[in-house]
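Undergrad: After the sequence you'll find the predicted model.
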Amino acid sequence: MYIVEVIPVAKGINKDTLSYFSLKPVKEGSFIEVKVRNKKVPALVLENKLAIDLKAEIKSLPFETKSLEEQKEKLLIQPSFLEVLKKLSRWYASPLSEVASLFLPSFVLKNEIEIEKLESQSGNFISLALQQQYKERINAYKTLIRETFAKKESVMILAPHSGYAQILAEQVSKGIQNHVFILHSELSEKKQAETWSSALKHNSPIVAIVTRGYISLARDDFGAFIIEQASNDNSYIPPARPFVDARSAMRFLAKQNQATLLEADLVLPLSVQNSINKQETEKMEHSLNTFRTGAKITICDLSAQAKTARKQKEEYQIFSKEVKNLLSKKSKTSKIAILVARGGLFPQTVCFDCGNLMRCPHCSAPMVLHGKSSTRMFLCHRCGLQKDAKTLCSYCGSWHLQSFGVGIQKAQEELKKLNLNFVSLDESDTPAQTKRKINKFNQEKSGIIIGTPKLLNTSISEVDFGIILSLDAFLAIPHFNAEVRTFRLAMKLKELSKKVTYIQTRTPNHHIIKFLKTGRVNAFLDEELKIRKKLGYPPFKTFITIKAQGGKNTTIKEMQKLLPFIEKYKPRIFQDLIPISKNKFELSAMIKISNWPDDELAEILKHLPPLFKVFIE
């Protein structure tokens, strides 16, 4: 008799493993079906133990251990990926079951696409970094693919989203079309299953271009892993728990396979720059330190314009004189791209009486004001919830609500006042709509396109002029990484523009400006690292943010119950309850830790109830 320990592959099971009786051992790393709460779910076999060796433990259990039904064992992933899941679970303090559900596609489990257990390739882990413009990165990928194919090994490229995966495939597949396989969520489940199966059966080395949910593709011959847009934080972390970064999964996978890892972007992540400085990562020969090519950057100071508008009690103009002049004179002969921080008319609405920020009652994201004066509404950009704009404060019931900032819809209104035609890339656009708009703009000889940062992740061709509507709006996003993200976006717009990139700001003396004007990427990253080292910020320390959300009393009670368990880690408690809706509040705590992962703390965080969210940065 054996005790078989398994990882259930399903969300909502707040346990790492479950144990079952079995008359015979079950192959480790294989998949079986187990009953959880009277429902059959797929499970990954972790290990087998003789029941006689665990006799005392079994007797002391407060519940009865169930028996496994006899069934066929199915090998669906490489055993090395099981080790990756364990490392991710430990690093992100998340149950193995939830982590597994992120990276094991449902169609693989449903269609039982089996593999043969092959011998692992032997080699050495090599960490590389490339800081370059897009075209040069593509050339570097082609070279690495040729070198890896020559060793009879495959390459996996991690793309930030579905549309970008298609773009990458078009760029790298010339001459090797039959060896390139694309996996992303926009494909039908049938197409995904067919592609997965074909990639496994392909007898020659392949290039697999995947988004975050498909990196468990079970070939054992991957000799190189590439993370494209390695600084693109928003695309690689899921919007719901567990908040596991797919880039970390690729890093663990490359190390586990003793393969080459290449992290690439126009501006490298600070963690990679720090690794280069420590000589743990090798910077590729053709990496740039200073971005001298591309458009000239012109800073437009809006501070004087704003003061004049306040004194004369006039409506604040969102376009500077330079930008307004450019739009009126060049829009019919040139291509212009305008980058806006948020969607809607105004990104934030605040109650003047109690200070409550208008949030979505379902997912807590800020509600954004949309529409024309007669038909305005609040829209949640995360879950799509709509609310009538004629609403009261959800916390105190006041009608005194004030909207702030400039969203894409407000910019559209101002362009219409100038009698200018434009293409608008909205957050609500489907991938197909986005593709149609971009293709139409690319075919035109002149015109204006406006969008949020999503615009820079499309197949948009070069423009003559780029405009950042408000640098301050990007810098004001409440995250310690806001400056690095803003710098990267500005550099990407500079890369896209051929002549001039205009950056509007009310803070022309902000320290980021001098680096934007000169294009000194490395100097910016190194200065940011010096500041973070003094402050004890990532990558020198790890930030663990714990958020509790629920009713007022429940939220306070649950956080108070947690505090004695994490007291020795000296958490910083944010005393103010943030009202999310009338009956829902958020309370946060932050731990700054030098040596992570800490197994004791990870176990505590791993088993927190669902009202808690844990972010590891």
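TA: Thanks, I have it.
Undergrad: chain center to the helix or strand residue 45 falls within, what's the gap?
TA: Using DSSP states H and E, residue 45 sits in strand 39-50. The chain centre lies 30 Å from the centre of strand 39-50; the measure is Cα atoms, centre = their mean, to the nearest Å.
Undergrad: So for residue 33, what's the nearest residue that isn't a sequence neighbour?
TA: Of all residues not flanking residue 33 in the chain, residue 40 sits nearest, at 4.9 Å (Cβ to Cβ, 6 or more residues apart in numbering). Just so you know, the C-beta spots here come from the backbone N, C-alpha and C atoms, and that holds for glycine as well.
Undergrad: Neighbours of the one you found, how many?
TA: Neighbour count of residue 40, defined by other Cβ atoms under 10 Å: 10.
Undergrad: Show me what it is bridged to.
TA: The partner list for residue 40 in beta bridges (DSSP bridges) reads residue 35.
Undergrad: try the one 10 residues further on
TA: Here residue 50 sits in beta bridges with residue 2, going by DSSP bridges.
Undergrad: residues in contact with it?
TA: 1, 2, 3 (Cβ atoms under 8 Å, 6 or more residues apart in numbering).
Undergrad: try residue 219
TA: With contact set as Cβ under 8 Å, 6+ apart, residue 219 has these partners: 78, 154, 199, 200, 206, 208.
Undergrad: Can you verify it is assigned to a strand?
TA: No: assigned with DSSP: H, G, I helix; E, B strand; the rest coil, residue 219 falls outside any strand and is coil.
Undergrad: Got the phi and psi for it?
TA: phi -90, psi 150 (degrees, to the nearest 10).
Undergrad: which secondary structure elements does the top helix by length along the chain contact?
TA: For the chain, the helix that runs over the most residues, judged by DSSP state H, is helix 134-150. Here helix 134-150 touches strand 154-158, helix 162-172, strand 222-228, strand 260-265, going by 3 or more Cβ pairs under 8 Å, 6 or more residues apart in numbering; DSSP states H and E.
Undergrad: ok, back up a step: buried residues of the strand holding residue 45, list them for me.
TA: 41, 42, 43, 44, 45, 46, 48 (16 or more other Cβ atoms under 10 Å).
Undergrad: before we move on, back to that, from the contacts of residue 50, which would you call buried?
TA: 2, 3.
Undergrad: Also compute the angle for the longest helix of the chain relative to strand 154-158, please.
TA: 150 degrees (axes from the mean of the first three to the mean of the last three Cα atoms, to 10 degrees).
Undergrad: any idea of the angle helix 134-150 forms with strand 222-228?
TA: Using the same axes, to 10 degrees: helix 134-150 against strand 222-228 is 170 degrees.
Undergrad: just the CA coordinates of helix 134-150, formatted as PDB?
TA: Output of helix 134-150 as PDB, limited to C-alpha atoms (Å, rounded to 0.1, in the frame of the first residue of the first chain):
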ATOM      1  CA  TYR A 134      13.500  46.200 -32.200                       C
ATOM      2  CA  LYS A 135      15.100  45.500 -35.600                       C
ATOM      3  CA  GLU A 136      18.500  44.800 -34.000                       C
ATOM      4  CA  ARG A 137      16.800  42.500 -31.500                       C
ATOM      5  CA  ILE A 138      15.100  40.500 -34.300                       C
ATOM      6  CA  ASN A 139      18.500  40.100 -36.100                       C
ATOM      7  CA  ALA A 140      20.000  38.800 -32.800                       C
ATOM      8  CA  TYR A 141      17.200  36.300 -32.400                       C
ATOM      9  CA  LYS A 142      17.700  35.000 -35.900                       C
ATOM     10  CA  THR A 143      21.400  34.500 -35.200                       C
ATOM     11  CA  LEU A 144      20.700  32.700 -31.900                       C
ATOM     12  CA  ILE A 145      18.100  30.500 -33.700                       C
ATOM     13  CA  ARG A 146      20.700  29.500 -36.400                       C
ATOM     14  CA  GLU A 147      23.300  28.700 -33.700                       C
ATOM     15  CA  THR A 148      20.900  26.700 -31.600                       C
ATOM     16  CA  PHE A 149      19.500  24.800 -34.600                       C
ATOM     17  CA  ALA A 150      23.100  23.900 -35.600                       C
END
